[in-house]
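Trainee: Next one to model:
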Amino acid sequence: MKWPSAEDLVSTCKLPQGYAYQVLREEHIPEVASSVLDWQPTWRVGSASAFTQASFYREKAYLDQGAQRDVFVLLIRAGTELAAVLPMERLPEALTLYGCLAVVSPAHRGRFAPQMRGDYLEAVARLVGLEFIYAMATLRHTGAQRWFEFMGYRLVGFAPGYDREEISPGVVKRVIEAIYAKSLVPEEALLSPSTDEMTPTVRKAYEAFLARN
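Mentor: Numbers count the residues shown, from 1 in each chain. This next block holds a predicted model:
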């Protein structure tokens, strides 16, 4: 289950002209960590704060052609300029990919994502043999929500208090996030659960989920 190369991704999820994929390398780490914090200064707390720390990448992330680790960091560049940092994590036993976050330079927001030919998370998952993708989307703006919906993800629920965010200088709150998911296997590969084994609350929610999907 080897992580793909930038060349593998070019052939499965093309970027618009002027942009290119790059897989994280050791020499990129200082630039990536400082850029994430510059682009999102409130990410000093919560799960996203890991991606502002150089030590996290050195200890946890796969580095291009290095030892296989479960965190994969895909970069997008415009020439030599860093335009986006797209980390993800695999859960190999479950054959699942978690889209940790996506952060784009303010100078490139709205420029390349609408022109991407496909879903980069799905492209990575298929290349490494994973079967399910999920991610959390903030409810503080609609950008991530719109992207996941456009790419065919299902809104499967909400996670109250899932993460921590600095909502104003020095004020940290636990936040509700939307949960999006995409299955890469055919419907017949999914076990259809019996409603007899569900509480009334779960059954009602499950039937509503089926009705809207």
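Trainee: Can you give me the neighbour number for the nearest residue in space to Ala113 that is not next to it in sequence?
Mentor: With CB to CB, 6 or more residues apart in numbering as the criterion, Ala113 has its nearest non-adjacent residue at 6.5 Å, and that residue is Trp147. Yep, even glycine has a C-beta here, placed from its N, CA and C like the rest. Trp147 has 18 neighbours, counted by other CB atoms under 10 Å.
Trainee: Trp147 is in what secondary structure piece?
Mentor: helix 143-150 (DSSP states H and E).
Trainee: returning to what we had before: isn't the residue nearest to Ala113 right next to Met116, touching?
Mentor: No. Contact between Trp147 and Met116 fails when scored by CB atoms under 8 Å: they sit 9.5 Å apart.
Trainee: what about Gly110, which SS state?
Mentor: coil (DSSP: H, G, I helix; E, B strand; the rest coil).
Trainee: Give me the longest strand you can find in the chain.
Mentor: With secondary structure taken from DSSP state E, the chain has its longest strand at strand 154-168.
Trainee: Need the distance between the two termini of stretch 182-190.
Mentor: 13 Å (CA to CA, to the nearest Å).
Trainee: Buried ones in the helix holding Trp147, by neighbour count?
Mentor: Buried residues in helix 143-150, counting neighbours by 16 or more other CB atoms under 10 Å, are found at Ala144, Gln145, Trp147, Phe148.
Trainee: Return the distance of the third one relative to Leu101.
Mentor: In this view, Trp147 and Leu101 are 12 Å apart by CB to CB, to the nearest Å.
Trainee: In the chain, which residue is most central in space?
Mentor: Centroid check for the chain by CA atoms, centre = their mean gives Gly99 as the closest residue, at 2.1 Å.
Trainee: Next one: the residue nearest to Ala113 from Tyr57, what distance?
Mentor: 24 Å.
Trainee: what's the answer for Pro160, then?
Mentor: 30 Å.
Trainee: I figured Thr96 was touching Arg90, is that so?
Mentor: Yes. Applying CB under 8 Å, one finds Thr96 in contact with Arg90, separated by 7.0 Å.
Trainee: Can you pull the residues that touch both of these two?
Mentor: Leu130 (CB atoms under 8 Å, 6 or more residues apart in numbering).
Trainee: higher neighbour count, the two?
Mentor: A count of neighbours by other CB under 10 Å puts Arg90 above the other of Thr96 and Arg90, at 23 against 16.
Trainee: tilt between the longest strand of the chain and helix 143-150?
Mentor: 170 degrees (axes from the mean of the first three to the mean of the last three CA atoms, to 10 degrees).
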